[in-house]
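Peer 1: build the 3D model from these lines:
(one chain, ligands or ions: 1)
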Amino acid sequence: MSLPPELEKVVELTRAHNRWRRLECINMIASENVMSPLAEAAYLTDMMHRYAEGKPRRRYYQGNIYTDEVELLVMDLMSRLLKVKYVEPRPVSGTVANAVVFRVLANPGDKALIAPVQAGAHVSHTKFGTLGALGIEHIELPFDLDSWNIDVDKAVRMIEEVRPRLVTLGASVYLFPHPTKEIAAAAHSVEAKVVHDVAHVLGLIAGNRWPNPIHEGADVATTSTHKTFPGPQGGAVFTDDEEMYKQVSRYVFPWFVSNHHLHRLPATAVTAVEMMYFGEQYADQIVRNSKAFAEALAEEGFKVLAEHLGYTQSHTIVVDVRPHGGGAKVAKMLEDANIIVNKNLLPWDPPEAVRDPSGIRLGTQEMTRFGMREDDFRYVARLIRELAINGRDPREVRKKVVEFRKDFLEVKYGFNIPKDLEESPIKIPMLL
Ligand code: DSN
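Peer 2: This next block holds a predicted model:
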């Protein structure tokens, strides 16, 4: 039986997306990644249909004999991977993880100090997002463009003067580690808590290429599970502080999560194990690729930020593209050639410039997972130059991208589905 036309349309759109993004694009959105075949198979399970409010073995619903065990396994695996005592995996996103922690630590009307928006703070840290929705006042920490980081001396003075309830560190444009130790010492002297959002760099922390803020004095860390940590879309909170963990666990349900999207759990567990096996190798290659890519873009004629600091220590690179028409124009031009990036505010942009900011942000984590190495990123830098500097027709460059991508279709640093499981009668195929 053929499908009704409405369903044909749905299938056609889904297939078109899958083919385009999985087979024909070079994806450089810094907040995305892909799961391994085994993690994808573990994601597409019956658990996606089930409910499990509450904590494992103390649920409000029956039917969770196995999901309870998987959730406990995720908590154990992630604790071991991150070398922390407590992990709460139920927030369904990084933003929900931030919401529960902010609300546990502060009441409406309280003050929070945050990394500046134009220096890359996530929208949920700000008055425009979750923090604002909770009625918590946002005050920006001073930022020093020379060190591309929070100005420690001024920040310490500000913490002592403002005496906030919490200080957030971490960012969505996260090139260099924030000074957790110094900020934590100042915060603790006025009884404030430090929340470090590591969503972008979780995989680098797991691979020992980025400091774990909990080991540097942060009280609690929030994260998503799908950026440099290449798991399913989701969130988590982790800490060494038992009281903090109890508070977060007590309120994540029922305050911000009812059901916590159970199919994330086995896929997160698979990814945690993959990071135990391949995390160091993967994180190391991400950082090498970022540096090689940034250098190559600079050699091709682009103004890559933080040159004097070696451009980046993470998966992220930021380029000032004002000479080439601005962030909106360049991001669209690249999309027309199947190179996917996002336009991004730079530190000197006013917040209103969000629709046409000065920069673009590029992340190396996903294409590294598909096996790209330094020379491959140098080739991509040349393609970007052909487009944005030489004015080459994007349709011409797109042909080269599609051809080039054929060498990078297999996910590395992860596990495949064992042959005997491939025979499963309820395997759900990706529509391609
Ligand atoms: N908005 C995402 C990013 O791109 O960094 C994080 O949620």
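Peer 1: for Val92, see how far away the closest residue to the ligand within the stretch 301-432 of the chain is.
Peer 2: The stretch 301-432 of the chain approaches the ligand most closely through Asn342 (6.5 Å), counting by CB to the nearest ligand atom. Where C-beta positions appear, they are placed from N, C-alpha and C, glycine not excepted. Using CB to CB, to the nearest Å, we find Asn342 at a distance of 22 Å from Val92.
Peer 1: same question, Pro213
Peer 2: 22 Å.
Peer 1: more neighbours, these two?
Peer 2: Taking other CB atoms under 10 Å, Pro213 and Val92 do not tie; Pro213 has more neighbours (27 against 20).
Peer 1: residue numbers of the chain in contact with the ligand?
Peer 2: By CB under 6 Å from any ligand atom, the residues of the chain that approach the ligand are Ser31, Gly94, His122, Ser172.
Peer 1: ok so, going back, isn't the residue of the stretch 301-432 of the chain closest to the ligand up against Ile29?
Peer 2: Yes - counting by CB atoms under 8 Å, Ile29 is a contact partner of Asn342 at 5.8 Å.
Peer 1: just give me the neighbour total for the closest residue to Gln365 other than its chain neighbours.
Peer 2: The spatial neighbour of Gln365 that comes closest, neighbours along the chain excluded (CB to CB, 6 or more residues apart in numbering), is His315 at 4.3 Å. Using other CB under 10 Å, His315 has 31 neighbouring residues.
Peer 1: equivalent analysis for Thr222, please.
Peer 2: There are 32 residues near Thr222, going by other CB under 10 Å.
Peer 1: that one and the ligand: what is the separation?
Peer 2: Using CB to the nearest ligand atom, to the nearest Å, Thr222 is found at 11 Å from the ligand.
Peer 1: swap in Pro254?
Peer 2: Distance of Pro254 to the ligand, given as CB to the nearest ligand atom: 24 Å.
Peer 1: which residues does that residue contact?
Peer 2: Shown in contact with Pro254 (CB atoms under 8 Å, 6 or more residues apart in numbering): Glu53.
Peer 1: for the ligand, what is the nearest residue in the stretch 101-250 of the chain?
Peer 2: Ser172 (3.3 Å).
Peer 1: ok now do that residue, which residues does it touch?
Peer 2: Per CB under 8 Å, 6+ apart, neighbours of Ser172: Ala30, Ser31, Gly120, Ala121, His122, Val123, Ala199, His200.
Peer 1: again, but for Met367
Peer 2: By CB under 8 Å, 6+ apart, the contact set of Met367 is Ile26, Asn27, Met28, Asn289, Asp376, Phe377, Val380, Phe408.
Peer 1: could I get those residues as a markdown table with pLDDT and distance to Leu362?
Peer 2: Converted to a markdown table, those look like this (pLDDT from 0 to 100; distance: CB to CB, whole Å):
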| residue | pLDDT | distance to Leu362 |
| --- | --- | --- |
| Ile26 | 98 | 10 |
| Asn27 | 98 | 10 |
| Met28 | 98 | 4 |
| Asn289 | 99 | 11 |
| Asp376 | 98 | 14 |
| Phe377 | 98 | 10 |
| Val380 | 98 | 9 |
| Phe408 | 98 | 16 |
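Peer 1: tell me the SS of Pro323?
Peer 2: Assigned by DSSP: H, G, I helix; E, B strand; the rest coil, the conformation of Pro323 is helix.
Peer 1: more neighbours: Asn342 and Ile29, which one.
Peer 2: Taking neighbours as other CB under 10 Å, Asn342 and Ile29 compare with Asn342 leading, 20 against 16.
Peer 1: ramachandran angles for that one?
Peer 2: phi -120, psi 150 (degrees, to the nearest 10).
Peer 1: so in terms of bridging, what pairs with it?
Peer 2: Beta-bridge partners for Asn342, by DSSP bridges, are Arg361.
Peer 1: enumerate every residue touching it.
Peer 2: For Asn342, the contact set (CB under 8 Å, 6+ apart) comprises Ile29, Ala30, Ala331, Ile360, Arg361.
Peer 1: excluding chain neighbours, what is closest to the second one?
Peer 2: Same thing as Ala30. The spatially closest residue to Ala30, leaving aside those adjacent along the chain, is Gly363, at 2.9 Å (CB to CB, 6+ apart).
Peer 1: counting neighbours, what do you get for that neighbour?
Peer 2: Look at Gly363: counted by other CB under 10 Å, it has 26 neighbours.
Peer 1: follow-up on the earlier one: ok, now how distant is the residue of the stretch 101-250 of the chain closest to the ligand from Lys154?
Peer 2: 22 Å.
Peer 1: rewinding a little: so the residue nearest to Gln365 sits against Ala199, correct?
Peer 2: No - His315 is beyond contact range of Ala199, at 11.8 Å (criterion: CB under 8 Å).
Peer 1: who touches both of the two?
Peer 2: Counting by CB under 8 Å, 6+ apart, the residues touching both His315 and Ala199 are Lys227.
Peer 1: just the helices in the stretch 101-250 of the chain please.
Peer 2: Ranges of helices in the stretch 101-250 of the chain, per DSSP state H, counting those that start in this stretch, are 130-133, 152-162, 180-189, 202-206, 242-251.
Peer 1: looking at those, which is buried most?
Peer 2: Neighbour counts (mean count of other CB atoms under 10 Å) averaged over each of these peak at helix 202-206, with a mean of 28.
Peer 1: centre of the chain to that helix, how far?
Peer 2: On the basis of CA atoms, centre = their mean, to the nearest Å, helix 202-206 is displaced by 10 Å from the centre of the chain it belongs to.
Peer 1: take it, keep the C-alpha atoms, and write them as CSV.
Peer 2: What follows is helix 202-206, C-alpha atoms only, in CSV (Å, rounded to 0.1, in the frame of the first residue of the first chain):
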residue,chain,number,x,y,z
LEU,A,202,32.0,18.0,28.3
GLY,A,203,33.7,15.6,25.7
LEU,A,204,37.0,17.5,26.2
ILE,A,205,36.7,17.1,29.9
ALA,A,206,35.9,13.4,29.5
